[in-house]
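Trainee: Could you look at this predicted model? Sequence included:
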Amino acid sequence: MRHFKFYRLFLAAFITCCFINVHAEKKVALVWGNSQYVAGWSSLPVCSEDATAINQKLKSLGFTTLLVTNCNQEEMRRSLKEFASI
């Protein structure tokens, strides 16, 4: 349960960082939600669900979004590069 709270806090902090410059001409957001982990970590299905819900809300507010769920480190790097080109 402690891990669950940490990852929800991390997700909330990350999303907050995306909102820092909401007055910019172009509103973009990168939303990550990892529910599946390796090396003995238990899955957290709500993280992907939360990320999907946040992504939908951001789109409804006019954001261009990139949603990435259950990704590994290489996929995170690729999504950052893709996000930088939006």
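Mentor: All right, it came through fine.
Trainee: Could you point out the helix or strand that follows the lowest-mean-pLDDT helix or strand in the chain?
Mentor: In the chain, the helix or strand scored least confidently by mean pLDDT, DSSP states H and E is helix 2-19, which has a mean of 60. On the C-terminal side of helix 2-19, the closest following helix or strand by DSSP states H and E is strand 28-33.
Trainee: between the one helix or strand L67 maps to and strand 28-33, how big is the angle?
Mentor: Following DSSP H and E, the helix or strand that holds L67 is strand 64-69. Comparing the axes of strand 64-69 and strand 28-33 via axes from the mean of the first three to the mean of the last three C-alpha atoms, to 10 degrees yields an angle of 10 degrees.
Trainee: The following helix or strand past strand 64-69 packs against which elements?
Mentor: Using DSSP H and E, the helix or strand that follows strand 64-69 in sequence is helix 73-84. For helix 73-84, the helices and strands in contact under the criterion 3 or more C-beta pairs under 8 Å, 6 or more residues apart in numbering; DSSP states H and E are strand 28-33, strand 64-69. Using the backbone N, CA and C atoms, a C-beta is placed for each residue, glycine as well.
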